[in-house]
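**Student:** return atomic coordinates for the entry below.
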Amino acid sequence: MPLAAIAAALLAAAAALPAPGACALVDRDSVAAAQRTRIVGTRESGAKGPVVERRDCYYQADPLSLSVSLEWTSDSVHGGARKRWEEIFHGAGEGGIRREREEGEERPKTPPTPVPGVGDEAFWIGNPASGALYALAGTSFVRVSAGGPGTGDEKRERARGIAVRAVAAIRAGRTKENPPGRKDQASPRDLR
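**Tutor:** Down below sits the predicted model:
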């Protein structure tokens with residue numbers, strides 16, 4: 001078989017493979033270390049819309065209250081995820097997270113808190129009971145919600161360790177988004 005035919009067959013086979021799911025971004029052991037518990041299972045889901053594709057991974061912990069949700073939002077059309085990021089965090093268009101409509105009046109929501117050292121830009125959105133860390137990685141972003149007891153700061157730090165790993169995995173799979181000299185690696189401190 002000619003080399004060109006083999007290469008064409010390999011490319012066709014690779015194109016037929018499904019895109020990696022969100023569970024491929026962060027392994028169970030890393031999530032278990034961040035949450036200081038045992039992960040007993042994972043469940044993937046997702047949806048592809050006209051503008052963005054969302055892939056979800058639910059890491060079920062023992063106890064259940066320490067479970068983690070990881071969402072990975074990427075483009076369905078070029079620029080879709082980045083546009084969604086701008087809408088959420090910078091108020092571009094309607095539906096931004098900074099403001100909500102309630103009974104005809106706009107009122108500010110809890111403002112996102114910048115989280116340095118995670119991806120291109122990251123924010124924590126939370127209250128005393130729960131929260132999520134959003135991290136931008138080139139043309140896609142992740143949302144990590146880490147359950148369990150503790151203060152908002154403690155939950156943010158556990159989510160941060162997981163998000164750093166997810167961003168690094170996205171960049172490793174998309175080298176054009178990983179500029180030289182940029183490192184988003186989880187340190188042992190991130191996973192404590």
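**Student:** can you tell me which helices and strands the top helix by length along the chain packs against?
**Tutor:** For the chain, the longest helix by residue count, based on DSSP state H, is helix 152-173. Helix 152-173 sits against helix 28-35, strand 68-75, strand 121-126, strand 131-137, strand 140-146, with contacts defined as 3 or more C-beta pairs under 8 Å, 6 or more residues apart in numbering; DSSP states H and E. Every residue, glycine included, has its C-beta placed from N, CA and C.
**Student:** tell me the most buried of these?
**Tutor:** Mean neighbour count (mean count of other C-beta atoms under 10 Å) peaks for strand 140-146 among the helices and strands packed on helix 152-173, with a mean of 27.
**Student:** averaged pLDDT, it. What do you get?
**Tutor:** For strand 140-146, mean pLDDT is 96.
**Student:** and the angle for it with strand 121-126?
**Tutor:** Orientation check (axes from the mean of the first three to the mean of the last three C-alpha atoms, to 10 degrees): strand 140-146 against strand 121-126 gives 30 degrees.
**Student:** buried set for the longest helix of the chain?
**Tutor:** The neighbour-count check on helix 152-173 (16 or more other C-beta atoms under 10 Å) flags 155-171 as buried.
**Student:** got CSV for the helices and strands packed on helix 152-173, with distance to D62 too?
**Tutor:** Shown next, in CSV, are these (distance: least, C-beta to C-beta, whole Å):
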stretch, distance to D62
helix 28-35, 10
strand 68-75, 12
strand 121-126, 24
strand 131-137, 22
strand 140-146, 15
